[in-house]
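> Compute the structure for the input listed below.
(chains A and B)
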Amino acid sequence: MSPKRCYRLPPPGVDLSKLTGTLIVIEGPDASGRSTHVELLAQWLEQKGFAVAQVGLKRSALVGAELEQAKQGNVLSPRTLSLFYATDFYDQMENVMVPALRAGYVVIADRYIYTLMARDIVRGADPAWVESVYGMALIPDAVLYFMVSARTLVERTFQSHGQLDYWESGMDTNLGNDWFDSFMKYQRRIRGEYMRMQKKYGFEIVNANRSIRAVDADLRARVERVLEKTIVG
Amino acid sequence: MSKNNLPGKLVAVEGLDGSGKSTQVHLMHQWLSGLGYRVFFTQWNSSDLVKEATRKGKKRQLLTPTTFSLIHATDFADRYERQILPMLKAGYIVFCDRYIFTSYARDAVRGCDASWLRQLYGYAILPDITFYYDLPLETALERILEGRPRLKYFEAGMDLGLSADIYESFRIFQGRVLESYKSMAKEFDFTVMDATKPIHSLQEKAREIISERIDLSVYRKRTAL
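Reported below is the predicted structural model:
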């Protein structure tokens, strides 16, 4: 059992005392293979007899759909979008993650506050403000960061979608009109933010340039170590 | 939070439900817009984008103190960055029916950490004038509860589990919000208005204060009407 804490104060009314489950966060950009590996990991854990719950961005019952809609229109200011995401995050934390952790589940988060903070900071938000907003977030038992070169991301994105994504190219951040150049610059900036956060928040870096099989084996070994510590120990 | 150094002026009204603040700010806005000044009016929880999500969350009682606070903060940020700040930069007098103090009061009563709330809205400029419509709790309750209206779940603070009876819950909740407002009056330099006075005399007083504290001639529209 692993006692859970939040970075700062817990949200009002949330009792952290009986959260016996394990919280594993997978972080990394789109096309880094995150979602594929979350699926593989969830299947493997279930086969081993662990109950698994999944959370991710824009999946809250409260504002998930509205957030998706707002992103299509590109009409929200960065701060508004940022707070909308924070609402989405805490709704899932209080209504999905905490109950699942209380019931002893392994919760896998496909992205967490670090992506949200990195995006906000790259868009000019005050880091102290962002950290305060997310100060009530649960501290995960492990954060596995999928590191992929920007070049590999481009190739994987073209392979699966045939085009670059507006937001993942940072087209709203005025890095230039050229999607490719903007994508490369934006992804490097985001990675810079992750690297700054890595020490502070203790990310483990997963080399995701490798094959699915190699990454999966690596992940299983890491998750196994976390489970030994949190469940047995 | 910083003071307003922008060309425009920011006037906010705060107070309990039933304090008459919305009526007062409506009349202030009417007064100056009728005289041809550059004015703008905005209301708490009214941004188109966020309103739908808030409505749904309230109706289905999905909100926790944290998400209740954040969804209102999202609404405020949208209006602040899209309207309030650009209007202040363009030299408008902006009237706000409820400002960040509403969140400071209500959300703190719901258990949100006071310093977290201050950070959350820390980017917002302090109003030049914050009219606080002060009313004894019993009078506010009488005005609202007269005729036993249908109270809404969150408006009555039912999410706090104060009482199974919605009217009793409303009383307790409003009482706490009132205390919270009172504790902020000095810190944020509220201009306290005695909301038991008649509407017309309250409005005269407000207009007097605005004329004293804002050089209105600056805000006349450049083109004749």
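> Within range of chain B, give me the residues from chain A.
A:8-9, A:11-13, A:61-63, A:66, A:70, A:75-77, A:79-80, A:82-84, A:86-87, A:90-91, A:94-95, A:126, A:128-129, A:132-133, A:135-136 (C-beta under 8 Å from any C-beta of the partner chain). C-beta here means a position set from N, CA and C on the backbone, and glycine is covered the same way.
> among these, which ones are buried?
A:11-12, A:62-63, A:66, A:70, A:76, A:79-80, A:82-84, A:86-87, A:90-91, A:94-95, A:129, A:132-133, A:135-136 (16 or more other C-beta atoms under 10 Å in any protein chain shown).
> now what about stretch A:110-125, what contacts it?
When contacts are defined by C-beta atoms under 8 Å, 6 or more residues apart in numbering or on different chains, stretch A:110-125 is touched by residues A:25-27, A:34-35, A:38, A:54-57, A:78-79, A:82, A:85-86, A:89, A:127, A:130-131, A:134, A:137, A:140, A:143, A:145, A:170, A:172-173, A:186, A:189-190, A:193-194, A:197, A:201, A:203.
> and it, average pLDDT?
In this model, stretch A:110-125 has an average pLDDT of 95.
> Tell me the buried residues in that stretch?
Buried-residue list, stretch A:110-125, by 16+ other C-beta under 10 Å: A:110-123, A:125.
> The residues you listed in strands, which ones?
residue A:110 (DSSP state E).
> Out of the buried residues of stretch A:110-125, which is nearest to chain B?
Checking the buried residues of stretch A:110-125 against chain B with C-beta to the nearest C-beta, the nearest one is residue A:125 at 9.5 Å.
> Looking at chain A, what residue ends up closest to chain B?
Taking C-beta to the nearest C-beta, chain A has residue A:12 as its residue nearest chain B, at 3.1 Å.
> Identify the residues contacting that residue.
B:64, B:65, B:66, B:110, B:111, B:112, B:113.
> got those residues as CSV, with neighbour count columns?
Shown next, in CSV, are those (neighbours: other C-beta atoms under 10 Å in any protein chain shown):
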residue, neighbour count
B:64, 22
B:65, 22
B:66, 27
B:110, 23
B:111, 15
B:112, 24
B:113, 20
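> Which ones among the residues you listed also lie next to chain A?
B:64, B:65, B:66, B:110, B:111, B:112, B:113.
> I'd like these laid out as a markdown table, including distance to residue B:152, pLDDT and secondary structure.
Below are the ones next to chain A among the contacts of residue A:12 laid out as a markdown table (distance: C-beta to C-beta, whole Å; pLDDT from 0 to 100; DSSP: H, G, I helix; E, B strand; the rest coil):
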| residue | distance to residue B:152 | pLDDT | secondary structure |
| --- | --- | --- | --- |
| B:64 | 17 | 93 | coil |
| B:65 | 16 | 95 | helix |
| B:66 | 20 | 96 | helix |
| B:110 | 15 | 96 | coil |
| B:111 | 20 | 96 | coil |
| B:112 | 20 | 97 | coil |
| B:113 | 25 | 97 | coil |
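> what's the lengthiest helix in chain A in contact with?
In chain A, with assignment by DSSP state H, the single longest helix is helix A:179-201. Helix A:179-201 is contacted from outside by A:27, A:29, A:114, A:117-119, A:121-122, A:143, A:145, A:147, A:150, A:153-154, A:164, A:168-171, A:173, A:175-176, A:203, A:205, using C-beta under 8 Å, 6+ apart.
> can you tell me the residue of chain B closest to chain A?
residue B:111 (3.1 Å).
> Identify the residues contacting that residue.
A:12, A:13, B:65, B:160.
> coming back round to it: right, and the pair among the buried residues of stretch A:110-125 with maximum separation?
A:110 and A:125 (22.6 Å; C-beta to C-beta).
> So what's the gap between stretch A:178-195 and the chain middle?
Stretch A:178-195 sits 17 Å away from the centroid of its parent chain (C-alpha atoms, centre = their mean, to the nearest Å).
> Can you mark which positions in it are buried?
A:179, A:182, A:183, A:184, A:185, A:186, A:187, A:189, A:190, A:191, A:193, A:194.
> pLDDT for the residues you listed - can I get that in JSON lines?
Converted to JSON lines, these look like this (pLDDT from 0 to 100):
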{"residue": "A:179", "pLDDT": "91"}
{"residue": "A:182", "pLDDT": "92"}
{"residue": "A:183", "pLDDT": "92"}
{"residue": "A:184", "pLDDT": "92"}
{"residue": "A:185", "pLDDT": "92"}
{"residue": "A:186", "pLDDT": "93"}
{"residue": "A:187", "pLDDT": "92"}
{"residue": "A:189", "pLDDT": "93"}
{"residue": "A:190", "pLDDT": "93"}
{"residue": "A:191", "pLDDT": "92"}
{"residue": "A:193", "pLDDT": "94"}
{"residue": "A:194", "pLDDT": "93"}
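> Can you pull up the residues of chain B that come close to chain A?
So chain B meets chain A at B:49-50, B:52-53, B:56-57, B:62-67, B:70-71, B:73-74, B:77-78, B:80-82, B:110-113, B:116, B:119-120, B:122-123 (C-beta under 8 Å from any C-beta).
> Go again with 6 Å.
B:49, B:53, B:57, B:62, B:64-67, B:70-71, B:73-74, B:77-78, B:81, B:111-113, B:119 (C-beta under 6 Å from any C-beta of the partner chain).
> which residue is nearest the centroid of chain B?
residue B:98 (1.0 Å; C-alpha atoms, centre = their mean).
> nearest residue to that residue other than its sequence neighbours?
Sequence neighbours aside, residue B:44 is the residue nearest to residue B:98 in space, at 3.5 Å (criterion: C-beta to C-beta, 6 or more residues apart in numbering or on different chains).
> what's the pLDDT at that neighbour?
Confidence score, pLDDT, at residue B:44: 94.
> any idea how far residue A:165 is from residue B:18?
49 Å (C-beta to C-beta, to the nearest Å).
> Just the residues of chain A next to chain B: which are in helices?
A:66, A:70, A:79-80, A:82-84, A:86-87, A:90-91, A:128-129, A:132-133.
> Which members of the residues you listed are the farthest-apart pair?
A:66 and A:128 (27.6 Å).
> where does the chain dip in pLDDT?
If you meant another chain, say so; for now it's chain A. A:1-2, A:74, A:232-233 (pLDDT under 70).
> Sorry, I should have been clearer: chain B.
In chain B, residues with pLDDT under 70: B:223-225.
> mind listing the strands for it?
So, for chain B - with DSSP E - the strands run B:9-15, B:39-43, B:93-97, B:129-134, B:191-194.
> And the contacts of the fourth one?
Looking back up the chat, that one is strand B:129-134. Contact partners of strand B:129-134, identified using C-beta atoms under 6 Å, 6 or more residues apart in numbering or on different chains, comprise B:11-15, B:19-21, B:190-193, B:195, B:213.
> what helices or strands is the lengthiest helix in chain B leaning on?
Of all segments of type helix in chain B, defined using DSSP H, the longest is helix B:166-184. Under the contact criterion of 3 or more C-beta pairs under 6 Å, 6 or more residues apart in numbering or on different chains; DSSP states H and E, helix B:166-184 touches helix B:100-109, helix B:137-145.
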